[in-house]
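A.B. asks: Task: produce atomic coordinates for the following.
(chains A, B, C and D, ligands or ions: 4)
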Amino acid sequence: MPQEIGGALHPTYRVRTQFRETLRLNAGLDKRAADRRAAELLASVNVAAAALRRYPHELSGGQLQRVALALALAPDPEVLVLDEPTTGLDVNSQQQVATVLRRAVRERGVAALFISHDLALLSEVADDVAVMYAGEIVETGPVAAVLHEPRHPYTRALLNAVPSPLEAVTTEGIPGVPPGRVVDGECGFAARCPHAAASCRAAVPALASIEDGRTVRCVRHRELSLTVVADRRRAASEPDTRTALEVVDVTCAYGTTTAAAGVSLRVHEGSVTALVGESGSGKSTLGRAVAGLLRPVSGEIRLDGEPLPLDPRRRTVEQRHHIQLIFQNPSTSLNPRRTVGDLLRHVTSRFVEGDRAARDEAIAQTLAAVQLAPAVLDRYPGQLSGGQRQRVAIAAAFVARPRLVVCDEITSGQDVSVQAAILATLADLRRRLGTSVLFISHDLGVVRSIADHVYVMRHGRIVESGRTEEVYGAPRDEYTRSLLDAVPAIAPVVPSEAVQERSA
Amino acid sequence: GASDGDDSATGQAGGTLRILANDGSTNDSLDPLRLERSFQILAAPLIYEALVDLDEQLLPQPRLAEKFETTDGGKTWTFTLRQGVTFHDGSPLTPADVVASISRALDPEAGSGNSLAGQLDKILLPAGIKAVDDRTVRFSLEQAYVFFPNAMATRFARIYKAGTTDFAKPVGTGPFTFVSLTPGREFVAQRNPNFWRNQVTLDRVVITNVADDSSRVSSLLAGDADLVFEISLAAAPDIKNSDGYTILEQANARWLAMGLDGTVAPFDKPDVVKAIKLALDRQQIIDNALGGYGTIGYDTPIAAQDKWFANLPQPTRDVAAAKQLLANAGYPDGLDLPAVVGLSDEPATMAFLQVAQQQLKEAGIRFEIKPESGATYWDNSWLKVASYSNTYLRRHPDEIMKLVFLSSGTWHQSKLKDAEIDQAINAAGQTTELDQQVAAYSQAQRLIAERDTTVVPAHFPGSPASARRSRV
Amino acid sequence: MRAILVKALAGLVTGLLTVVLASMVVFAAVEVLPRDPARTALGNESTEQQRAAFREEYGLDDPAPVRYARWAGGMLRGDFGDSIISQRPIADELWPRLGRTALLALTALLISVAVGIPLAARAARRPGGAFDTVANLLSTGVSAVPEFVVGIGLVYIFASWLGLLPVLSNGVDNGQWAGLILPALALGLAAVSYVFRFARIGVAETAGSPFVRSARLRGFSERRLTWRHVLPVASSAVVNVVALNAIYLLGGVIVVENLFAYPGLGTMLIGGVRDNDLPTIEAVAVVTAALLVAVNVAADALVAVLNPRTRQRVPVASEAVIP
Amino acid sequence: MTTTVDTIAAPWRKRSAASSVGVTVGGAALLLALGVALLGPLLAPFDPVAIAGRPRLGPSAEHLLGTDQLGRDLLSRVLHGGWSVVAVPTLATLVAFGIGAAIGVWTGLAGGHRDLVTSRLVDVLISLPPLLMAIVFISAFGSSAVVLVGVTALFFVPRVVRVVRGATAAVVASDYVAASRARGDSTTQILRRDVVPNISGQLVVEFGARLSNVVMFVATLNYLGLGVHPPQPSWGLMVAENTLLLRTNPLAVLVPAALIAALAVGVSLVSDRVAERLAVDVVAP
Ligand SMILES: Nc1ncnc2c1ncn2[C@@H]1O[C@H](COP(=O)(O)OP(=O)(O)OP(=O)(O)O)[C@@H](O)[C@H]1O
Ligand SMILES: Nc1ncnc2c1ncn2[C@@H]1O[C@H](COP(=O)(O)OP(=O)(O)OP(=O)(O)O)[C@@H](O)[C@H]1O
Ligand SMILES: [Mg+2]
Ligand SMILES: [Mg+2]
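C.D. replies: Ligands and ions are numbered 1, 2, ... in the order given. Alright, predicted model coming up:
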């Protein structure tokens, strides 16, 4: 099953046709026998036989993935390779596919190689895990052992970057970028490894067997004690300050579709307020209304107690200045034909007071704050990595020193380590400048790691709100609870002492 | 005759003769009064015959009429029909058929203005056509007209069965009988086994319309066709050099004409017109514009090989003299003529204009060529603008001179009034004596070449009517 | 299903508008022609009275909107009026010619698909390979040679030089099918290069898609993959290209028909222009516009059949056109 | 989570073998055709309209390509005959672009009813067959260069509008334009900073594709006798004029035909390459 959902089925043939074709070729079944067998296969992945009559585009994403799984099982394979079979599915569908897969594997005695980015999901699906970096396996072993007691610095760094919905943790990015190829002559991770020593750079380490059938590719695996993960628990959220943004009874609509109905929320000065909810619940719509991209039908938006005109075109420069927006995808939110410098200068010329030197100073400071070298000023967005691009977008928002920044899914689509780095940057900037953040996301783990307050949205309405630890600790709303239940998570381990390096 | 195609079908015994024409149109019809394009003009003589044929010298010879004569200097003409001629439906040819056919040709309602009606306007009235007995038809003219038999040879004077009004299935006496006609595309006729004159050897004739020049030539050379009309003269040498092909030359079937309005500047200065005539290299026009086919024109409608030719001195090019004439006329630095409108449907005309343009340029006479298709040329430019060019078919001097060079002629190009020319043209019709006619026409030619503004650089072979309508 | 109906309806409305607008443009253009139809019909020697009577009879003196309404109304009833030249109903001439033009165009299309698709499948097997490079360059080359050049070249080679095929195509009605070959080739060759290009892109893209890879994993042969899995998907792009380009094929039809004396709409149009036969020009132009609309609607339907997922036109870059 | 897919094709991406052969061949063809068209008049040994010798001569030292039916030097006519084939289409394409791009950007930016109406109108206009309409128009207005440019431009405007509108609308729908709007940029600024730089690649490609089409369109009109008047030479007309020489002197037809093809092929291959350089996805020529 190749990566990319749904692509595994031929788009112009009915599901039944595809089963018949495959079963005739592989098992020599005639039409009727093939249809019977197809129904069985579908049943084994929890899909009704009615799906046979459908075209692939008439199935939901989760169904499609399960049908594709059934089709992959049709030739009775001994090994199944699944390349990110659940990426792009919502949490509920992810759960279903994972469950079905586990069952099918167990019942049929098929071996499955499950390729995924999602450590939490792996912890629920897999028996054994192999971690790859720069084209090499760096660590293998039973999944629980590897995820709880990583022996390779990369595995550990990765785990530190994963936020958890189960507890408020700080996440940590990995500095630098992956090489994207096999590195010769030294440990591939050495360039980014906090524990790299001269011996790491001498040769490519061998994959060494250690206890419990585990292997690890690190020359220092005996010296380093990585068995205990750092205490990532984040300090409790700060006490409430005065209100920066207040949204009162806002209703937004696209033509006749109402996307948000009577939504009220507030963002406290200098704090992060998260807006979560399933896809299509109206989160972005609300964010756009706040940022001035959309005219709400009714309601009121106040910044520092002062109402903003409903028609965003009537906002003053000052009002525009104080609310900035960062989009999910920096590839599409940055003009590909403008250099980073051009963009930042354009923003500062509009919103930063003072002469040219003062504006350049503001740019330089902001770049430093988002950890970008001044050299990027001459680059086009296409010449930057995804993480760098998102930093540019963040810089463009913060360079104006706004009162409020609206972040719409700014980390989805990023690698976990990149995501962690971006979140850290955001938190840092917010603290330093005292900026308020409205953080829109559907990743409950990310939200828990960064937000002080949470609003849960469903079908255009707020269904639950409160301080983060309260909502996560004791969700009152049925929907919030189901959301939290479905999220896969690595069971937390009790943290003990801090990291110790036996040899310093 | 030149204008009426060729019925002496060549080829081996039996078989089909495939002819290509170029100007078929959706209004193709075999009504003898509506014969306008070569497509029809080629088809009609296979079906119908006229009382008289014209020979090479344009002199009338018997056809359906065994003999014809006048006893009173051209006022009354008696035609005696050949015996034993039958129509395709088996009925015999009778004087009644002749009376009906000719009367209808004179009826403006039926013919919507064919040139026969124009030619005989006020000369022959329908009442003047009488069947005398079962072999004789008498035409009583309003005034003497010595060239009346020529008129009976034109394509509008063909004989069909009396009472015919619908020509969808035409019935004539010709060598072939009608099979089918798809206007604009195809005409099919088959052998008439009862043809009176001689045994027809061909079984079938198919005339197909192919508009594209090169396709016609290609089809001929690829063996898809036996006879192709309106071959561009440029292609002729090519075909001639291919095995098994001959060019059927009709030495002077046509003549090139450049019409200049003698009443407007600069053509109102005789020296300018003379300079134009002098600056032309007529042999080069023949060589380069007409593919080497043709004979020099003497600025009259009569070619040198014609019986009627006046033996004028051969015009030769003299650029210096032309320049001198221009200087005399007040144009020492040369002059720009009004644009010459050319009939773009005729390759010969367009080629002539392009060559002439270069020749005149050397004498300091500059002009632009304005091509115009027949769809608008005849209505908008011909006889209307200051200068224009097209070709005319060879005609009997009486007919062509009266049309083009008589002060009152309907196609009078120069617009100049010249009593002496008029008198010379009319003098020929005063006598039935051929010698006296020749003498009168010689005088007319001398005067025309000297005084008329019309330029006739060459006569050349060619099949009829590449011009769209039967002006020519 | 409803979406399809709405789409079909929208397509139909646009189509009708197109035909109406085309008829107006043609009518207006013909209106400014500096010609007198009465003189055309009656000849130069007709009298002014005769011409006036003719104008009266045909209503040529009425104001333009009145004439347009009368004419458009007639066409709705299938009455295109009479040819001013032949005085016969244009429809009698038009329908058989429409059939023959359709025959020519379809033959050309058949040739282009029969040649273009296999070439594309072969070229896409190794994109960037020698075959692909050469085929690509050739197709660009061929598509940039006007039909009249191709036609003349074909005549030269096959008729004059080799003597294999007839030049004239006017015998198609009498079953002389050989005459159809050269014009169809002349027309089809340009189309081949377009079909090839789009099929190649389609095949290359489709061949790399996950469903083909997973089908390969399930054990299908390459041949079966190409013909059963790749081409049906790639072909909807081709159908769209063909539909979009029908308009340009039509330009080719006019040239090619005249070159080969093919009795279709193209020769009828040029004949009408030469003869100044306004009703004929108008009728051919409008019928042609209607034909194009029909082709596009048919293409939409075909794509829907070929590709149940989209049930709509695969957006093809609009520069996908044959001049 | 997947890493971000780089959707913006980069200017520095590797070019394929086909395109590198293509641009070499295309560039050479284009240079040749343009060179002949622009420099040819300086090199011509004879006056292109003058009678330079006997008609229908084959190639010889004096007349390298021979002479045509009227005895004019074919080489000189070829050298002079490219001007109209280059100038008229270029001018027509420029005019079509000036008008089409303006309308396209205007509607793409505006959106809403204005856009809808224009798009429908464009759909309709695009369905009018250009050659057929051109024949009707040219027989109405005559065939001066002005009419030729006008008619050609007229029928290509809707095509340009469609492409430019599409490109503009895509840019306008993007997040970075939304960001510019939120920032309070004026429409002019958005046009200058966001729209124009991002559609210019497609404009170039479209220009190349159109130009290549228009070259053939104009050549075809010339061939049908609806373009340049004799005696002025023009490659399209020369093909028609000299068809009858094909048998005896094929060069008389092949050279002008090949130059037309070289021009059209060159324009299309080179614009493909430019497009690639500008990282615009080209689907069509
Ligand atoms: N077809 C290809 N041509 C060239 N390089 C490739 C190709 N496919 C992948 N690569 C490179 O090989 C390396 C490994 O790619 P691979 O697709 O195996 O990564 P992955 O771990 O599956 O990543 P992802 O999580 O993004 O799917 C990357 O650096 C990638 O850029
Ligand atoms: N431009 C638009 N026109 C019409 N409807 C829209 C538009 N944008 C969004 N919608 C609809 O409004 C509703 C809310 O959309 P919104 O983008 O706010 O959801 P979201 O919560 O951000 O979802 P996601 O998590 O997928 O980004 C959805 O039903 C969506 O289909
Ligand atoms: Mg992958
Ligand atoms: Mg959203």
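
A.B. asks: for stretch C:129-140, the distance to its chain's centre please.
C.D. replies: The chain centre lies 26 Å from the centre of stretch C:129-140; the measure is CA atoms, centre = their mean, to the nearest Å.

A.B. asks: Buried ones in it, by neighbour count?
C.D. replies: By neighbour count on 16 or more other CB atoms under 10 Å in any protein chain shown, the buried set for stretch C:129-140 is C:132-133, C:135-137, C:139-140. For glycine as for every other residue, the C-beta is placed from the backbone atoms N, C-alpha and C.

A.B. asks: wait, which of those residues is closest to ligand 1?
C.D. replies: Set against ligand 1, the nearest of these by CB to the nearest ligand atom is C:Asp132 (17.8 Å).

A.B. asks: near chain D at all, the helix or strand in which that closest one is found?
C.D. replies: Element membership for C:Asp132, per DSSP states H and E: helix C:130-143. Yes - using CB under 8 Å from any CB of the partner chain, helix C:130-143 reaches chain D at C:132-133, C:136-137, C:140-141, C:143.

A.B. asks: do stretch A:142-158 as well
C.D. replies: No - applying CB under 8 Å from any CB, one finds stretch A:142-158 out of contact with chain D, separated by at least 11.9 Å.

A.B. asks: what does that stretch contact?
C.D. replies: The contact list for stretch A:142-158, computed with CB atoms under 8 Å, 6 or more residues apart in numbering or on different chains, reads A:119, A:122-123, A:126-129, A:131, A:133, A:138-141, A:159, A:172, A:174, A:189, A:192-195, A:210, A:212-214, A:216-218, A:221, A:224, A:226-229, A:416-417, A:490, A:493.

A.B. asks: Taking these, please make a PyMOL selection of just the buried ones.
C.D. replies: Buried members of those, defined by 16+ other CB under 10 Å, are picked up in PyMOL with:
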select buried, chain A and resi 119+122+123+126+129+131+133+138+139+140+141+159+172+174+189+192+193+195+214+216+217+218+221+224+226+228+229+416+417+490
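
A.B. asks: Which of the contacts of stretch A:142-158 fall in helices?
C.D. replies: Here DSSP state H is the test, and these give A:119, A:122-123, A:159, A:416-417 as lying in helices.

A.B. asks: Now do the contacts for the residue in the stretch 1-150 of chain B that chain D sits nearest to.
C.D. replies: Nearest residue of the stretch 1-150 of chain B to chain D, counting by CB to the nearest CB: B:Asn22, 13.6 Å away. By CB under 8 Å, 6+ apart, the contact list for B:Asn22 reads B:38-39, B:209-211, B:213, B:216, B:229-230, B:466.

A.B. asks: Give me the pLDDT for it.
C.D. replies: On pLDDT, B:Asn22 comes in at 77.

A.B. asks: got a pLDDT number for the residue in the stretch 151-300 of chain A that ligand 1 sits nearest to?
C.D. replies: Nearest to ligand 1, among the residues of the stretch 151-300 of chain A, is A:Gly180, at 3.3 Å (CB to the nearest ligand atom). Here, the pLDDT recorded for A:Gly180 equals 71.

A.B. asks: returning to what we had before: just among the contacts of B:Asn22, which is most surrounded?
C.D. replies: Neighbour tally across the contacts of B:Asn22 (other CB atoms under 10 Å in any protein chain shown): the maximum, 31 neighbours, falls on B:Val210.

A.B. asks: Pretty sure it sits against C:Pro166.
C.D. replies: No - at 11.6 Å, B:Val210 does not count as touching C:Pro166 under the criterion of CB atoms under 8 Å.

A.B. asks: what sits in contact with each of those two?
C.D. replies: Joint contacts of B:Val210 and C:Pro166 (CB under 8 Å, 6+ apart) are B:Ser219.

A.B. asks: Confirm D:Pro59 sits in a strand?
C.D. replies: No - D:Pro59 is assigned coil when assessed by DSSP: H, G, I helix; E, B strand; the rest coil, not a strand.

A.B. asks: shouldn't it be in contact with D:Pro250?
C.D. replies: No - assessed by CB under 8 Å, D:Pro59 is found out of contact with D:Pro250, at 10.3 Å.

A.B. asks: does any bit of the next helix or strand along the chain from the helix holding C:Asp132 sit next to chain D?
C.D. replies: Beyond helix C:130-143 in the direction of the C-terminus, DSSP H and E gives the next helix or strand as helix C:147-154. Yes - judged by CB under 8 Å from any CB, helix C:147-154 and chain D are in contact via C:147-149, C:152-153.

A.B. asks: Reformat those residues as a markdown table; add distance to ligand 1, neighbour count and pLDDT.
C.D. replies: Formatted as a markdown table, the residues of helix C:147-154 next to chain D follow (distance: CB to the nearest ligand atom, whole Å; neighbours: other CB atoms under 10 Å in any protein chain shown; pLDDT from 0 to 100):
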| residue | distance to ligand 1 | neighbour count | pLDDT |
| --- | --- | --- | --- |
| C:Glu147 | 41 | 26 | 83 |
| C:Phe148 | 45 | 27 | 83 |
| C:Val149 | 42 | 25 | 82 |
| C:Ile152 | 47 | 25 | 82 |
| C:Gly153 | 43 | 18 | 84 |
